[in-house]
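Undergrad: Compute the structure for the input listed below.
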Amino acid sequence: MHAIGTSHNCFSCVQADELHQNRHRQIAELVAEYKAAGQSEQGHSPPNLRASLGELAINVHRLPPQPSRHRYAPDEAGDMDADADADDENDGNETTTDTMTSDSMVPPCKATKAEKRVLKRAAKAAKSQNKAAKNQAKHTISVKSEDVELVNTVLHGKVTPTTEHPLAQNKTIEEVINRNMGFMSSIDEHKKQLMASIALRRKNDRERRNATLVVAENKKRRFSALSHSSYNDEDDEDDETETLLTAVLTKLGIDREHVKSGSGSAKKNVGKNPSMSGTPGAPYNNSRSVRRRDIVGNLRTLVKDDLEKFENDHRETCIRAGGFWRYVKKPVFERMTKVVGEVDWKTGAKLK
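TA: Okay, here's the model as predicted:
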């Protein structure tokens, strides 16, 4: 498909690229959620999103209560008595019928069962809408394409066009092999840059700790030196992957304390009752802090998975490129190189 310019129809290629972009988008969403949780920690009280029954928009057509027909004003009492005497002279059956008809036309002041059902349904619908709005605000984080591109740059560095595709501008099998090795070396070089930033920061911390040992007493200095040497031994035993994760998360804007703790601090806080704190809004702030540590734990998992899959995918691509060269020989390979330069493999659009 790459040789004839239809690589955009390759299901495996398109799926691998989409999965790679989705991983970067998920990382960008978690970073945005982490920053949003950090801003909400500065608030004093959690937002109240529940609406009361008085705030619900319920359109129930009810007539206002009307006074009973037997209640009269004091100045009209005499006139009404005279009318009553005149009515007594008329037919009694007709008077009784009129009285019953008038009583039945007066609406009751108490809510009917139908009106109560309408109120309950409206309250239930409003509660569901509020719950959906809170869940949407909690999980839906909008990120821009610039944020996703920043994640791509932090994880893999800036990829130049000459090293983006392993099959471009090669003439011999030796050039293919050297190009493939050079492409993998760019990944290793980016890793070294990330690890160098962490090593420099640890060196500065180590120098500050050594400076504090000079002014201490002899006994305290010996004790501090012993603990400090064990700390250095632990630093030397850190895995390369953990160093890379620390460097990446730091460049993405994650707090150093949260990077060190990861998801472990969140597990330590499980079972503690934040309401025991005497600070107003403490349960809300503590839950937000635990949430940020959980986000960091998810970030560590996603970043580690993306780094491993990215390197493995490109290593396999380079191996296949060398094998394809040996199989099709130079003429087909040159034609394929020309097609790659003229057609965008993702969309199939012509570049020239």
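
Undergrad: ok, which stretches of the stretch 251-352 of the chain are helices?
TA: Using DSSP state H, counting those that start in this stretch, the helices found in the stretch 251-352 of the chain span residues 256-261, 264-268, 282-342.

Undergrad: ok, of these, where does mean pLDDT dip lowest?
TA: Between these, the lowest average pLDDT goes to helix 264-268, which shows a mean of 41.

Undergrad: Scan the helices and strands of the protein for the one with the lowest mean pLDDT.
TA: Across the helices and strands of the chain, mean confidence by mean pLDDT, DSSP states H and E is lowest for helix 264-268: a mean of 41.

Undergrad: Out of the helices of the stretch 251-352 of the chain, the one nearest residue 110 is which?
TA: Smallest distance to residue 110 across the helices of the stretch 251-352 of the chain (Cβ to Cβ): 41.4 Å, for helix 282-342. In this view, the C-beta of every residue, glycine as well, is placed from N, C-alpha and C.

Undergrad: The closest one packs against which elements?
TA: Helices and strands touching helix 282-342, by 3 or more Cβ pairs under 8 Å, 6 or more residues apart in numbering; DSSP states H and E, are helix 11-41, helix 145-156, helix 173-214, helix 240-251, helix 256-261, helix 264-268.

Undergrad: I'd like to know the average pLDDT value across the fourth one.
TA: It refers to helix 240-251. Averaged over helix 240-251, pLDDT sits at 82.

Undergrad: And for the first one?
TA: Averaging the model's pLDDT scores along helix 11-41 yields 85.

Undergrad: again, but for the third one
TA: On average, the pLDDT along helix 173-214 is 66.

Undergrad: Compare the helices of the stretch 251-352 of the chain and give me the one nearest residue 149.
TA: Closest among these, once you apply Cβ to Cβ, is helix 282-342, at 14.5 Å.

Undergrad: about what we covered before: which stretch among the helices of the stretch 251-352 of the chain comes nearest residue 14?
TA: helix 282-342 (13.3 Å).

Undergrad: That closest one vs helix 145-156, what angle?
TA: With axes from the mean of the first three to the mean of the last three Cα atoms, to 10 degrees applied, the angle from helix 282-342 to helix 145-156 works out at 80 degrees.

Undergrad: sorry, back to before: which one of the helices of the stretch 251-352 of the chain lies nearest to residue 143?
TA: The closest of those to residue 143 is helix 282-342. By Cβ to Cβ, the value is 13.8 Å.

Undergrad: tilt between that closest one and helix 240-251?
TA: Using the same axes, to 10 degrees: helix 282-342 against helix 240-251 is 100 degrees.

Undergrad: Listing request: residues of the stretch 51-200 of the chain with sub-threshold pLDDT.
TA: For the stretch 51-200 of the chain, the stretches with pLDDT under 70 are 51-109, 136-141, 159-186, 195, 197-200.

Undergrad: All set now, cheers.
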